[in-house]
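*Asks:* Pasting a predicted model and its sequence here:
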Amino acid sequence: MDELQKKQALRMINYGLYVMTVGHGKDLAAGTVNWVSQCSFKPPLVMVGVKAESNLHALLEKSRHFAINVLGSDQKSIANDFFAPTQVAEGRLNGQPYAEGSTGSPLLTETPASFECKVIEILKRGDHSVVIGEVVNAEVRRSAEPLFMRSTGWFYGG
């Protein structure tokens with residue numbers, strides 16, 4: 001297989017950008033993710049690709065809950081904030097205001113929407129795990145166009 005052709009083809013998949021958050025007691029973890037998709041209506045399930053060797057993954061395995069914070073098209077800077085290790089200071093998560101969700105996962109209050117999930121399964125393959133979660137709560141704060149990877153000039157995948 002031609003590596004360049006493979007990379008270019010896979011990067012044509014249309015990805016959104018989201019911030020995944022996990023809370024377990026006083027421990028919090030968060031990271032920008034883009035491999036997110038709904039995979040069932042009944043029950044409402046989503047799947048997320050999570051880097052296996054990350055703090056986010058480790059805490060997710062303990063908590064068995066997570067939240068996906070949907071970024072608006074004007075929130076590239078928030079996505080960028082969560083490429084860094086998780087920092088909690090002055091009631092903010094990586095500089096962003098948040099509130100504790102019903103599952104204990106942080107919800108970024110400046111994002112247009114978020115949904116919380118309980119972990120149904122973690123499929124460990126390759127350098128990322130596929131996490132399947134059942135949506136147990138959702139909140140829409142405002143209407144917004146979502147942020148897509150393609151519009152940022154960033155690339156992840158391939």
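*Replies:* The structure has been received and is ready for your questions. The shown structure was predicted, so the numbers you read here are calculated from the model rather than taken from an experiment. Numbering: from 1, shown residues only.

*Asks:* Please name the residues that touch the spatially most central residue of the chain.
*Replies:* The residue lying closest to the centre of the chain (C-alpha atoms, centre = their mean) is residue 20, at 2.8 Å. By C-beta atoms under 8 Å, 6 or more residues apart in numbering, the contact list for residue 20 reads 30, 31, 32, 33, 48, 50, 56, 66, 67, 68, 69. Heads up, the C-betas are built off the backbone N, CA and C, glycines and all.

*Asks:* Tell me the bridge partners for it.
*Replies:* residue 31, residue 68 (DSSP bridges).

*Asks:* where in the chain is pLDDT low?
*Replies:* Within the chain, the stretches with pLDDT under 70 are 157-158.

*Asks:* which stretches of it form strands?
*Replies:* In the chain, the strands defined using DSSP state E lie at 18-24, 27-33, 36-40, 45-51, 65-70, 88-89, 92-93, 96-100, 106-108, 113-125, 128-140.

*Asks:* re earlier: could you dump the contacts of residue 20 into a markdown table with neighbour count added?
*Replies:* Converted to a markdown table, these look like this (neighbours: other C-beta atoms under 10 Å):
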| residue | neighbour count |
| --- | --- |
| 30 | 30 |
| 31 | 21 |
| 32 | 23 |
| 33 | 26 |
| 48 | 25 |
| 50 | 20 |
| 56 | 23 |
| 66 | 29 |
| 67 | 29 |
| 68 | 25 |
| 69 | 30 |
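
*Asks:* possible to save the strands of the chain as JSON lines with distance to residue 150?
*Replies:* Formatted as JSON lines, the strands of the chain follow (distance: least, C-beta to C-beta, whole Å):
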{"stretch": "strand 18-24", "distance to residue 150": "15"}
{"stretch": "strand 27-33", "distance to residue 150": "15"}
{"stretch": "strand 36-40", "distance to residue 150": "15"}
{"stretch": "strand 45-51", "distance to residue 150": "17"}
{"stretch": "strand 65-70", "distance to residue 150": "16"}
{"stretch": "strand 88-89", "distance to residue 150": "31"}
{"stretch": "strand 92-93", "distance to residue 150": "26"}
{"stretch": "strand 96-100", "distance to residue 150": "23"}
{"stretch": "strand 106-108", "distance to residue 150": "22"}
{"stretch": "strand 113-125", "distance to residue 150": "20"}
{"stretch": "strand 128-140", "distance to residue 150": "20"}
